[in-house]
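J.: next input, structure requested:
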Amino acid sequence: MTVPDFYNTITQPSTAEFKDRGSKFIAFAFPIETTDDFKLRLQELKKEHPKAVHHCFAYRIGTDGNNFRSSDDGEPSGTAGKPILGQIDSKQITNAAVIVVRYFGGTLLGVPGLINAYKSSAALALQVTPVVQKQVEIKYSIEFDYTRMNDVMMVLKQCSCKIISQEIQLFCTITAGIPRNRLDEVLYKLNDLQNITVKKAAG
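T.: Numbers count the residues shown, from 1 in each chain. The predicted structure is shown next:
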């Protein structure tokens, strides 16, 4: 399987509401980079909606397709998490999560009703946030003497690299996300400079 050079994601959160026979489903779609980002938002929503009976969700992270999770949070198996994940996947996005908060309205919706409600609320939330194409980046750590600062920055800027973190002292370290489709070019240019160590960063 070839890894793509680009991926689709969302960059801003959105909310949508769906009602069926008194039950209210509020969907929250938002971008995430890590599972910790997701857990934090889930805790916040549980605090914001303490009276909700269910907080069902799904998310997908990364470009290899292996890092995803869905939860029915007490709803009948397969009626909530999977339909939500299905909407994320139908948009072909990653690094995205949707949490649907349900307030029970007193009438049981049955399995088809629940699937429809969770699917619809997730779809509505994802409809109102734009899908953005981003470059697949590979993290590298660049260590160099302060005197090489301008040269290093020039290469990173020319090749649309994203600076994730930097420590600037007499000896500097920059962690950068290098676009996968320009990796060879960037490494070639950096390695061409003197007194610079370039190595793949974790994560």
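J.: how near is the residue lying closest to residue 93 once chain neighbours are set aside to residue 201?
T.: In space, residue 93 comes closest to residue 8 once its chain neighbours are excluded; the distance is 4.8 Å by CB to CB, 6 or more residues apart in numbering. (Each C-beta comes from the backbone N, C-alpha and C, glycine too.) Distance from residue 8 to residue 201, counting by CB to CB, to the nearest Å: 24 Å.
J.: thinking again about what came up before, tell me which element the residue nearest to residue 93 is part of?
T.: Counting by DSSP states H and E, the element that carries residue 8 is strand 6-10.
J.: run through who's touching that strand.
T.: Residues external to strand 6-10 that are found in contact with it (CB atoms under 8 Å, 6 or more residues apart in numbering): 29-31, 63, 91-96, 126, 129-136.
J.: swap in stretch 44-57?
T.: Contact partners of stretch 44-57, identified using CB under 8 Å, 6+ apart, comprise 26, 28, 38, 42, 69-75, 80-81, 84, 97-104, 118.
J.: among those residues, which lie within strands?
T.: Residues of these located in strands (DSSP state E): 26, 28, 69-71, 97-103.
J.: most neighbours of all those residues, which one?
T.: Across the ones in strands among the contacts of stretch 44-57, neighbour numbers were computed from other CB atoms under 10 Å; residue 100 holds the maximum, 31 neighbours.
J.: doesn't residue 24 make contact with that residue?
T.: No: between residue 100 and residue 24 no contact is recorded; they are 10.4 Å apart, counting by CB atoms under 8 Å.
J.: quick check: closest non-adjacent residue to the residue nearest the centre of the chain.
T.: Central residue of the chain (CA atoms, centre = their mean): residue 95, 1.9 Å from the mean position. Across the structure, with CB to CB, 6+ apart as the measure, the residue nearest residue 95 apart from its sequence neighbours is residue 9 (4.5 Å).
J.: re the thing from before, the residue nearest to residue 93 and residue 132: what is the separation?
T.: Counting by CB to CB, the gap between residue 8 and residue 132 amounts to 7 Å.
J.: repeat for residue 124
T.: 19 Å.
J.: give me the low-pLDDT residue ranges for this structure?
T.: 1-3, 203 (pLDDT under 70).
J.: mind giving me the packing neighbours of the longest helix belonging to the chain?
T.: As assigned by DSSP state H, the longest helix anywhere in the chain is helix 110-127. With contacts defined as 3 or more CB pairs under 8 Å, 6 or more residues apart in numbering; DSSP states H and E, the packing partners of helix 110-127 are strand 14-20, strand 23-31, helix 81-90, strand 96-103.
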